[in-house]
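Visitor: Generate coordinates for the sequence data below:
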Amino acid sequence: MELKEVLGMFARYVVLLFLGLFGIRLFYAVFSPLTAYPSYWLSNLVFGGAEFVPPNLILIGSLTIELIPACIAGAAYYLLLILNLTTPMHVVKRIKSLAFLILTFLVINIMRIVTFIVIASRGTQYFDAAHLGVWYFGSTVMIVILWFVNVWVFNIRAIPVYTDFSNLIAEMTRKPKKRKKKRK
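Guide: Okay, the predicted model is just below:
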């Protein structure tokens, strides 16, 4: 491994640590409006007459939908960032991969919210069960599937964390090459 690769790997993990300690609120600050407004616009298209009460309420007739932090799924964006940054790849591929992950998850999340708004508006008895099921199981499965689709689309051949550390260990246990003596 070259020094540039080691420094790049170190920088990736420092960014993750910093965001984990101090920046999780940043995910919610960025993705709350990016989720709430499109969810409202789509709900308004479906129902006509939906109202939006910033920062997180959608009113449809007598139905009030509150988009709580769990709906925004800031931790899921952070998990996708973790998977991306702990996988060694070239910078251009990393940017494309991260853009794909974030935009795809944002669209899926908005569609999930609008789907549950439609279910809730119909007063179905299955809303709570479906909502909890998707929350506990579906969201995890969705992240895993999205990551594997990303791996397939971008032809990623590395494993998050494992590849970085196996390369580091291989480098540390490698015997140095003997230098040839120059003849005079």
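
Visitor: elements contacting the helix or strand containing residue 34?
Guide: Assessed by DSSP states H and E, residue 34 sits inside helix 24-47. Under the contact criterion of 3 or more CB pairs under 8 Å, 6 or more residues apart in numbering; DSSP states H and E, helix 24-47 touches strand 51-53, strand 57-60, helix 69-72, helix 74-85, helix 91-121. No exception for glycine: its C-beta is placed from N, CA and C like everyone else's.

Visitor: Give me the angle between the last one and helix 24-47.
Guide: Read it as helix 91-121. Relative orientation of helix 91-121 with respect to helix 24-47: 50 degrees, computed using axes from the mean of the first three to the mean of the last three CA atoms, to 10 degrees.

Visitor: any idea which helix or strand comes after helix 91-121?
Guide: Using DSSP H and E, the helix or strand that follows helix 91-121 in sequence is helix 127-133.

Visitor: For that next one, list every residue counted as buried.
Guide: Buried residues in helix 127-133, counting neighbours by 16 or more other CB atoms under 10 Å, are absent.

Visitor: For that helix, which outside residues touch it?
Guide: With contacts defined as CB atoms under 8 Å, 6 or more residues apart in numbering, helix 127-133 is touched by 116, 119, 120.

Visitor: Turn those residues into a markdown table, including distance to residue 62 and neighbour count.
Guide: Below are the contacts of helix 127-133 laid out as a markdown table (distance: CB to CB, whole Å; neighbours: other CB atoms under 10 Å):
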| residue | distance to residue 62 | neighbour count |
| --- | --- | --- |
| 116 | 17 | 18 |
| 119 | 16 | 14 |
| 120 | 11 | 17 |
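
Visitor: nearest to residue 138, of those?
Guide: For these, the closest approach to residue 138 (CB to CB) belongs to residue 116, at 11.0 Å.

Visitor: can you pull the contacts of the closest one?
Guide: Contacts of residue 116 (CB under 8 Å, 6+ apart): 127, 130, 131, 134.

Visitor: and stretch 131-142, how far apart are its ends?
Guide: Stretch 131-142 has an end-to-end distance of 14 Å (criterion: CA to CA, to the nearest Å).

Visitor: Show me what counts as buried in it.
Guide: 139, 142.

Visitor: avg pLDDT for that stretch?
Guide: For stretch 131-142, mean pLDDT rounds to 80.

Visitor: residues contacting the nearest residue to residue 153 once chain neighbours are set aside?
Guide: In space, and not counting its chain neighbours, residue 153 is closest to residue 100: 6.6 Å by CB to CB, 6 or more residues apart in numbering. For residue 100, the contact set (CB under 8 Å, 6+ apart) comprises 150, 153, 154.

Visitor: same thing with residue 154?
Guide: Neighbouring residues of residue 154 by CB under 8 Å, 6+ apart: 89, 93, 96, 97, 100.
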